[in-house]
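In: Sequence and predicted structure below; questions after.
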Amino acid sequence: MNSLTPIIIRGLTVSKGIVIAKCQRYEHGQNDYQKKFIKKNEVQKEIKKFNKSLEITLREINAIKNTLTPSLKNNVGIFLDTHIHLINDKSFLSNIRNNIEEKFYATDWAIDDEFQSIKSSFSEMKDNYIKQRIDDINHVVKLLIKNVKQTKKAKNNVLTNIKNMILITDDLSPADVLIAYQSKCCGLVSEFGGRSSHSSILSRSLEIPSIVGLKNALNIIKDQDLIILDGNNGIVIVNPDKSCVDYYNQIKKEDKNRKTLLSRVMEKKCVTTDQQRIEIMANLELPQEMKIIKGKNLDGIGLFRTEYLYTDRSDIPTEAEQVADYKKIVRGLKGKPVIFRTLDVGSDKEIPENIQTGSIARNPALGLRGIRYSLNNQEVFLNQVKAILRAGYYGDVKIMLPMITTLSEIQKAKDLIEIAKSKLRKRKILFSDNVEVGIMIEVPASAVLSSRLAEFVDFLSIGTNDLVQYTLAIDRVDDEVNYLYDPFNSAVLTLIKNVIESGERHGVDVSLCGEMAGDKQFTRLLLGMGLKSFSMHPSAIPEVKKVIVESNKKNLSKLATQIIKCVDNKEKQKLIEKINSESIKH
């Protein structure tokens with residue numbers, strides 16, 4: 001194969017798949033400029049340079065958008081619209097012009113200074129989805145600074161000569177992902193980025209195997225190097241030897257066979273071997289992800305995160321804007337249910353400044369977030385509820401309230417929902433008057449009181465990501481304590497079991513929409529605990545469904561109880577292996 005020593009680099013998987021191909025590097029570089037002051041008589045010249053840069057940048061983004069097929073434009077064009085929206089943002093532009101006119105900064109410095117100001121406001125955020133919106137701003141800033149200098153290198157040429165190649169870059173913008181897709185690029189590797197960035201979401205939507213967070217990849221990997229991109233495990237192997245290539249070719253073959261098998265599983269009804277009907281649904285956070293679930297045999301959307309409408313903008317989305325987006329989603333499901341989670345932000349998340357109230361929370365996870373924020377900002381909540389109710393006229397819609405801890409929160413929220421209905425009636429606008437209202441069980445308080453809360457809602461949805469960290473008092477994104485994040489902990493399992501039983505007692509549906517739902521090592525345990533509804537990222541559905549249709553629910557109950565009661569970790573691990581073993585399939 002070659003005489004070079006193979007090198008293994010580890011990163012973060014954002015889109016699964018295995019690719020073996022040669023690579024092409026492309027470096028955006030840092031925001032390259034000098035902190036240079038200008039003279040007063042140079043201000044207008046700099047303003048003209050800035051305006052010209054805006055014009056060129058908009059033209060470039062629109063040119064990319066215009067190359068998209070109608071289907072792509074409808075499904076993923078919003079990612080480019082986000083950049084266009086920022087370039088037209090009055091506050092963003094005004095601050096940059098002020099830097100030039102009042103502070104006498106050179107144009108490129110003026111642009112980057114505004115970016116640094118925005119970046120600092122994001123730096124303390126703990127919510128990864130919101131925090132990674134700074135990536136979108138940085139992509140726009142890089143384009144503006146490049147075009148100020150008018151050093152338009154053949155970026156597009158580089159990114160269009162990558163057919164059947166893996167692109168290696170320092171940072172991926174949504175535009176880069178779209179160009180790579182159009183150019184039939186087969187894989188993406190980036191030094192920076194996170195799972196929640198728009199570029200990563202877009203990679204998953206377009207099903208391009210992708211890994212981010214590979215530090216120094218551009219220094220290690222050379223153009224035309226043969227590499228293996230293992231998007232299943234977040235590994236890149238540079239200059240692999242023949243045995244390694246043969247091994248991965250075998251895995252690719254097995255993956256292809258497995259996908260064929262799983263596609264057959266997706267065609268089946270989601271029923272256990274003892275004929276227990278299990279509901280399987282998708283978690284989505286952008287309308288563009290509807291493409292992923294199109295044609296899949298799913299029961300609906302069990303969690304649609306609505307935060308995307310409130311990010312990357314300086315104003316609040318209007319009721320009409322929200323209706324337009326929600327309606328597309330509802331119509332796309334063709335009568336299957338869509339559960340919209342109302343806005344889940346807090347005062348630490350600064351998205352955007354106009355909907356932030358109060359000071360930055362000292363402990364954001366315990367601050368003004370979820371339903372607390374909505375009850376404190378009732379006009380924002382009412383606008384969103386009205387939009388969801390109106391979208392409900394076109395299909396089966398449900399409202400889910402996040403971060404519920406007390407009964408009074410449910411009552412206040414339901415009162416506001418009735419007010420929203422009254423306002424719509426007065427305007428003589430069509431809406432659904434029988435939209436179900438449910439709550440997320442994310443904190444121990446609501447899990448313990450779930451039997452009482454279930455009397456006042458139509459459904460319960462267990463959010464295990466927060467439930468685990470609140471129960472165990474650990475921050476799962478803190479590297480020093482995340483080893484304590486253990487969904488198998490008996491305290492966590494006891495709370496989950498209590499919620500499931502509360503739902504059964506009161507005839508209220510219970511689903512689980514956290515990461516546990518999409519991890520097949522928990523599937524049989526949850527079935528044994530009595531769970532009948534799973535909601536997860538679409539990519540996890542085939543594997544989980546396969547486990548479900550091969551399981552006998554009745555046979556799992558006793559083992560599940562033993563696992564919950566077991567406090568010895570070694571013994572518990574043996575029980576987990578037993579419940580997931582082939583021997584109790586049927």
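Out: Noted; the coordinates are in hand.
In: distance between stretch 382-397 and the chain's centre?
Out: 22 Å (Cα atoms, centre = their mean, to the nearest Å).
In: my bad, stretch 504-515
Out: That offset, for stretch 504-515, works out to 23 Å (Cα atoms, centre = their mean).
In: Flag every buried residue along it.
Out: Within stretch 504-515, the residues that count as buried by 16 or more other Cβ atoms under 10 Å are 506, 508-515. Where you see a C-beta, it was placed from the backbone N, CA and C, and this is true even at glycine.
In: And stretch 464-472, by the same measure?
Out: 464, 466-472.
In: now stretch 324-339
Out: Neighbour counts using 16+ other Cβ under 10 Å place 325-327, 329-330, 332-333, 337-339 of stretch 324-339 among the buried residues.
In: circling back to that earlier point, include secondary structure and pLDDT when you put the buried residues of stretch 464-472 into JSON lines, please.
Out: Formatted as JSON lines, these follow (DSSP: H, G, I helix; E, B strand; the rest coil; pLDDT from 0 to 100):
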{"residue": "Thr464", "secondary structure": "helix", "pLDDT": "93"}
{"residue": "Asp466", "secondary structure": "helix", "pLDDT": "90"}
{"residue": "Leu467", "secondary structure": "helix", "pLDDT": "94"}
{"residue": "Val468", "secondary structure": "helix", "pLDDT": "92"}
{"residue": "Gln469", "secondary structure": "helix", "pLDDT": "89"}
{"residue": "Tyr470", "secondary structure": "helix", "pLDDT": "92"}
{"residue": "Thr471", "secondary structure": "helix", "pLDDT": "94"}
{"residue": "Leu472", "secondary structure": "helix", "pLDDT": "92"}
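In: Can you add distance to Arg427 and give those back as TSV?
Out: Output for the buried residues of stretch 464-472, formatted as TSV (distance: Cβ to Cβ, whole Å):
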residue	distance to Arg427
Thr464	40
Asp466	36
Leu467	39
Val468	43
Gln469	42
Tyr470	40
Thr471	44
Leu472	47
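In: got the contact list for whichever strand in the chain runs longest?
Out: If you go by DSSP state E, the chain has its longest strand at strand 18-26. With contact meaning Cβ atoms under 8 Å, 6 or more residues apart in numbering, strand 18-26 is reached by 155, 158-159, 161-162, 164-169, 176, 186-187, 189, 209, 218, 221-232, 240, 245, 248-249, 251-252, 255.
In: partners of that strand in the sheet?
Out: Partner strands for strand 18-26, per DSSP bridges, with pairing direction: strand 166-169 (parallel), strand 226-230 (antiparallel).
In: list the helices and strands the helix or strand just after it packs on?
Out: The helix or strand immediately downstream of strand 18-26 is helix 43-67, counting by DSSP states H and E. If contacts are counted by 3 or more Cβ pairs under 8 Å, 6 or more residues apart in numbering; DSSP states H and E, helix 43-67 sits against helix 70-87, helix 90-101, helix 107-122, helix 134-149, helix 174-182.
In: what angle separates helix 43-67 from helix 107-122?
Out: Per axes from the mean of the first three to the mean of the last three Cα atoms, to 10 degrees, the angle that helix 43-67 makes with helix 107-122 is 70 degrees.
In: Name the residues of helix 43-67 that are buried.
Out: 46-47, 49-50, 53-54, 56-58, 60-61, 64-65.
In: Quick one: mean pLDDT for it?
Out: Taken as a whole, helix 43-67 has a mean pLDDT of 86.
In: Give me the angle between that helix and helix 174-182.
Out: Going by the same axes, to 10 degrees, helix 43-67 makes 30 degrees with helix 174-182.
In: Run through who's touching helix 43-67.
Out: For helix 43-67, contacts defined as Cβ under 8 Å, 6+ apart pick out 38, 73, 77, 80, 83-84, 87, 93, 96-97, 100-101, 104, 106-107, 110-111, 140, 143-145, 147-148, 150, 152, 175, 178-179, 182.
In: and with 7 Å instead?
Out: With contacts defined as Cβ atoms under 7 Å, 6 or more residues apart in numbering, helix 43-67 is touched by 38, 73, 77, 80, 83-84, 87, 96-97, 100-101, 106-107, 143-144, 147-148, 175, 178-179, 182.
In: Can you read off the backbone torsions of Lys565?
Out: phi -80, psi -20 (degrees, to the nearest 10).
In: Not counting sequence-adjacent ones, nearest residue to it?
Out: Nearest non-adjacent residue to Lys565, counting by Cβ to Cβ, 6 or more residues apart in numbering: Ser490, 7.0 Å away.
In: hang on, the earlier thing: can you flag which of the buried residues of stretch 324-339 belong to helices?
Out: Among the buried residues of stretch 324-339, the ones falling in helices (DSSP state H) are 325-327, 329-330, 332.
In: Output the residues you listed in a markdown table, with distance to Ala454 and pLDDT appended to each entry.
Out: Shown next, in a markdown table, are those (distance: Cβ to Cβ, whole Å; pLDDT from 0 to 100):
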| residue | distance to Ala454 | pLDDT |
| --- | --- | --- |
| Asp325 | 31 | 91 |
| Tyr326 | 27 | 95 |
| Lys327 | 30 | 95 |
| Ile329 | 27 | 94 |
| Val330 | 26 | 96 |
| Gly332 | 30 | 92 |
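In: circling back: could you pick out the buried ones from the contacts of helix 43-67?
Out: Taking 16+ other Cβ under 10 Å as the criterion, what is buried in the contacts of helix 43-67 is 38, 77, 80, 83-84, 87, 96-97, 100, 106-107, 143-144, 147-148, 175, 178-179, 182.
In: quick one on the thing from earlier: could you measure from the residue nearest to Lys565 over to Ser15?
Out: Separation of Ser490 from Ser15 (Cβ to Cβ, to the nearest Å) stands at 35 Å.
In: who's more crowded, these two?
Out: Ser15 (23 against 14; other Cβ atoms under 10 Å).
In: Quick check: that one touching Ser210?
Out: Yes. With contacts counted by Cβ atoms under 7 Å, Ser15 reaches Ser210, the gap being 4.1 Å.
In: got any residues that touch both of these two?
Out: 203, 231.
In: for the stretch 351-500 of the chain, what are the low-confidence residue spans?
Out: For the stretch 351-500 of the chain, residues meeting the criterion pLDDT under 70 lie at 351-365, 476-479, 482.
In: now the strands for it?
Out: 397-401, 436-441, 459-462 (DSSP state E, counting those that start in this stretch).
In: Would you format the ones you listed as CSV with distance to Lys294 and mean neighbour count included?
Out: Formatted as CSV, the strands of the stretch 351-500 of the chain follow (distance: least, Cβ to Cβ, whole Å; neighbours: other Cβ atoms under 10 Å):
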stretch, distance to Lys294, mean neighbour count
strand 397-401, 19, 25
strand 436-441, 25, 24
strand 459-462, 24, 26
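In: Rebuild these as a markdown table, extending it with distance to Ser203.
Out: Shown next, in a markdown table, are these (distance: least, Cβ to Cβ, whole Å):
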| stretch | distance to Ser203 |
| --- | --- |
| strand 397-401 | 27 |
| strand 436-441 | 28 |
| strand 459-462 | 27 |
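In: wait, which of the ones you listed is closest to Lys119?
Out: Smallest distance to Lys119 across these (Cβ to Cβ): 30.9 Å, for strand 436-441.
In: Perfect, that will be all.
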